[in-house]
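A.B. asks: next comes the sequence, and after it the predicted model I'd like to discuss.
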Amino acid sequence: MKNFVFGNSYDHSVSIQAKNLELAINVFKVQELFPENCVDEDYIESSDYDSDLRRNLYKFKDNPMIPISIMDKDRNKTFIKNISLYETIDVNYNVLSSVKMLEFDKSKQIEDTTPSTDLITINDLENINVSNTQDKKALRKIHDLARKKQAELEHQKDKLTEIINKVHEELQQKIKLLYVIETYLGLKEEVYQLKEGKKASENEPLTIHQLKLYMDEEVGIWEDGGMDFESIDIFDEWITKNYKKFLYNKKSICAWQIRRNDKKYSDDARINFMLNTENKCTYFLIRNGENLYRIWSNIQITDRFFPKTHEYEKMMKDEFNWSPEEKIKSKHQNYMYGLVALQGLIERTDIFGSKLRESKVNLLTPDGFSEEEIHLIRDAEQEYWIGNGRLTWSDYKKKNKETLKLGIRVILNQNGNWYYDGRDRQTNWRTYPFHPGYNPTLEEIYQIEEVNDGKSYSGWQFKIYYNSEDTIYPADWNLDSHERIRRVPFRMYGDELLNYDEITIEDCEYYEKNRFERHQYIYLLPILHWAKKLKIKEKELEDNFIKFIKPQIKFDMDDEEIREVVKWWKFKNKWKRELTKDDSKAVRMILKRIESLKKLNKIGG
């Protein structure tokens with residue numbers, strides 16, 4: 001078989017496999033309804049794309065020709081001859097009878113009942129049997145008329161679709177209007193008074209906090225994945241004791257959501273979705289003097305109660321945003337729902353008193369209130385924050401990680417399981433060749449006992465050892481089970497560990513209370529909790545040791561000076577160590593160090 005190519009343009013050429021040129025030409029005539037696409041470009045005077053016909057319409061010079069070439073296996077083309085375009089259009093499909101491979105019984109040939117090409121109209125399309133049409137020109141005209149009819153129907157369909165879309169848009173607008181009315185009237189509102197007492201002065205401005213807070217993060221209970229919609233009573237009890245930290249002005253409001261992140265209830269994604277929808281509800285916490293209210297409304301707001309100072313301008317200037325108007329509209333509607341709910345509370349309740357209502361305060365327009373009436377706290381905008389010079393938790397971890405090396409005492413920097421029970425698996429690269437039943441925990445201090453030389457396939461960096469305290473069940477059933485005696489290795493990456501001796505109690509307390517780290521409380525608080533607990537326990541041991549050793553010092557020396565010598569003993573060697581009250585070797589070394597420092601007049605006044 002030879003490969004014949006009709007046309008010389010890359011995107012307007014046809015390749016036909018045939019035994020000889022004559023057969024290739026006949027096949028081309030039959031299969032190509034619009035062979036003008038293959039005409040040599042030198043014969044094309046102009047061309048225009050017809051969107052209805054979905055093809056180019058050409059204006060040719062005299063006698064346009066289609067070049068024919070033969071292509072070899074290396075895709076090199078050799079020109080053979082030209083064929084007239086009109087010869088490939090003016091075709092009667094009786095030519096098929098000359099092709100031996102397609103011979104058929106002429107006695108069974110169906111009579112061509114197609115009207116003359118010039119007489120075919122768009123009204124004939126439904127009655128024409130294309131299978132009986134033997135004239136290629138007729139087929140071309142039928143094709144183009146069908147295309148035009150199709151374009152006309154699609155245009156009508158587009159118009160009808162546009163009308164339907166407008167109907168749906170109008171319905172959506174009416175639904176939104178109904179939603180706004182319901183929100184303003186508080187038809188689906190639930191008000192809970194958590195605390196009752198004296199109201200603030202009527203002249204006290206209403207403070208609106210911009211930043212939306214999350215109940216589970218602020219309460220900080222990490223057990224069982226944190227609180228959720230089924231445990232709001234825990235939040236109510238907690239907030240009545242802590243509300244002044246958030247609503248520090250006597251008349252103020254702040255938006256709350258139960259959870260920022262989903263909680264896992266089930267392996268079924270649908271169940272998780274339905275239950276977590278409840279966790280996305282928005283609540284308003286309102287303070288008026290000694291009165292505290294928690295209000296549920298039928299709205300959900302974003303991370304902010306009202307927009308940032310230049311939020312809309314930034315969205316308009318965002319060159320990567322292809323439709324800023326739609327994005328602004330969506331954002332604005334979201335903000336308006338929250339303000340509509342608040343406006344409704346002002347106008348139809350006495351929760352904020354009566355003065356704002358009597359003054360006709362309008363939160364829905366920029367000039368609808370004064371600073372004496374409404375005070376906006378922009379606590380969601382970082383440019384208004386006052387820094388204290390402390391590192392973020394992320395930067396703190398990076399700095400701590402830089403100090404990890406052989407001999408360092410460490411704690412775990414994650415709260416979770418790395419692997420399945422080793423008894424259920426053939427191998428585990430973290431504990432190989434052992435199969436312990438338990439992981440290392442946050443409640444222990446470990447030591448880096450090996451540093452990876454970089455040749456490990458898994459890429460681990462450090463190795464600690466721990467006592468898994470599980471039972472070993474021998475493969476041989478004739479042998480008895482026994483408690484594990486040897487410590488188990490555990491291979492870890494650097495970001496899974498924290499240098500314990502670089503952490504202070506003050507660090508733990510700061511990051512526990514830092515509200516801008518609260519979004520990761522499920523991970524962060526357990527680590528800080530146990531680190532602080534271990535630090536306090538160690539400090540108590542050191543305090544007892546200092547009380548034990550102080551009477552043995554022959555001159556006056558305050559506790560902090562002794563503590564510094566204790567630190568020297570703990571950290572002076574490559575392998576860092578902890579102190580115990582009855583460590584006789586530590587006592588001898590520390591007393592000797594104190595005597596040396598005294599001789600150098602570095603301690604003891």
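C.D. replies: Structure's in. What do you need?

A.B. asks: for the rest of this, base every contact and every neighbour count on C-alpha atoms.
C.D. replies: OK.

A.B. asks: tell me the helices and strands packed up against the longest helix out of those in the chain.
C.D. replies: In the chain, with assignment by DSSP state H, the single longest helix is helix 136-185. Packed against helix 136-185 by the contact rule (3 or more Cα pairs under 8 Å, 6 or more residues apart in numbering; DSSP states H and E) you find helix 324-348.

A.B. asks: list the buried residues for the helix it packs on?
C.D. replies: 324, 328, 331, 334-347 (16 or more other Cα atoms under 10 Å).

A.B. asks: what mean pLDDT would you report for that helix?
C.D. replies: Taken as a whole, helix 324-348 carries a mean pLDDT of 81.

A.B. asks: again, but for stretch 291-309
C.D. replies: Throughout stretch 291-309, pLDDT has a mean value of 87.

A.B. asks: and what of stretch 572-581?
C.D. replies: Stretch 572-581 comes out at a mean pLDDT of 81.

A.B. asks: residues in contact with it?
C.D. replies: Applying Cα atoms under 8 Å, 6 or more residues apart in numbering, the contact partners of stretch 572-581 are 406-409, 541-542, 544-545, 548, 570-571, 586.

A.B. asks: hmm, try it at 6 Å
C.D. replies: Applying Cα atoms under 6 Å, 6 or more residues apart in numbering, the contact partners of stretch 572-581 are 407-408, 545, 570.

A.B. asks: wait, which of those is closest to residue 164?
C.D. replies: Distances from residue 164 to the contacts of stretch 572-581, taken as Cα to Cα, are shortest for residue 408 (69.9 Å).

A.B. asks: from residue 534, how far off is the closest one?
C.D. replies: 16 Å (Cα to Cα, to the nearest Å).

A.B. asks: can you name the residues that contact the most centrally placed residue in the chain?
C.D. replies: Centroid-nearest residue in the chain: residue 261, 11.1 Å away (criterion: Cα atoms, centre = their mean). By Cα under 6 Å, 6+ apart, no residues touch residue 261.

A.B. asks: select the helix or strand of this protein having the lowest average pLDDT value.
C.D. replies: helix 311-317 (a mean of 64; mean pLDDT, DSSP states H and E).

A.B. asks: for this protein, which spans come out with low pLDDT?
C.D. replies: 93-134, 179, 312-326, 328, 415-427, 455-457, 581-582, 604-605 (pLDDT under 70).

A.B. asks: domain assignment for it?
C.D. replies: Following automatic domain parsing, one gets these domains for the chain: 2-109, 189-384, 393-502, 520-599.

A.B. asks: CSV for those, including distance to residue 147?
C.D. replies: As requested, these are exported to CSV (distance: least, Cα to Cα, whole Å):
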stretch, distance to residue 147
domain 2-109, 5
domain 189-384, 34
domain 393-502, 62
domain 520-599, 60
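
A.B. asks: in which helix or strand does the residue nearest to the centre of the chain reside?
C.D. replies: For residue 261, there is no host helix or strand (DSSP states H and E).

A.B. asks: same deal with residue 498?
C.D. replies: Short version, using DSSP H and E: residue 498 is in strand 497-499.

A.B. asks: ok, residues contacting that strand?
C.D. replies: With contact meaning Cα under 6 Å, 6+ apart, strand 497-499 is reached by 410-413.

A.B. asks: restricted to strands, list those.
C.D. replies: 410-412 (DSSP state E).

A.B. asks: report the buried members of the residues you listed.
C.D. replies: Buried members of the ones in strands among the contacts of strand 497-499, counted by 16+ other Cα under 10 Å: 410-412.

A.B. asks: closest to residue 74 among those?
C.D. replies: Nearest member of those to residue 74, counting by Cα to Cα, is residue 412, at 63.5 Å.

A.B. asks: from residue 402, how far out is the closest residue to the closest one other than its chain neighbours?
C.D. replies: Using Cα to Cα, 6 or more residues apart in numbering and skipping the chain neighbours, the partner closest in space to residue 412 is residue 497 (4.8 Å). Between residue 497 and residue 402 the computed distance is 11 Å (Cα to Cα).

A.B. asks: ok, these two, which is more surrounded?
C.D. replies: residue 497 (21 against 12; other Cα atoms under 10 Å).

A.B. asks: how much space separates the more buried one from residue 574?
C.D. replies: 18 Å.

A.B. asks: now stretch 508-524: buried residues?
C.D. replies: Quick answer for stretch 508-524 (16+ other Cα under 10 Å): 508, 511-512, 517-519, 521-524.

A.B. asks: what's the most distant pair in those?
C.D. replies: 508 and 519 (16.4 Å).

A.B. asks: I am finished for the moment; much appreciated.
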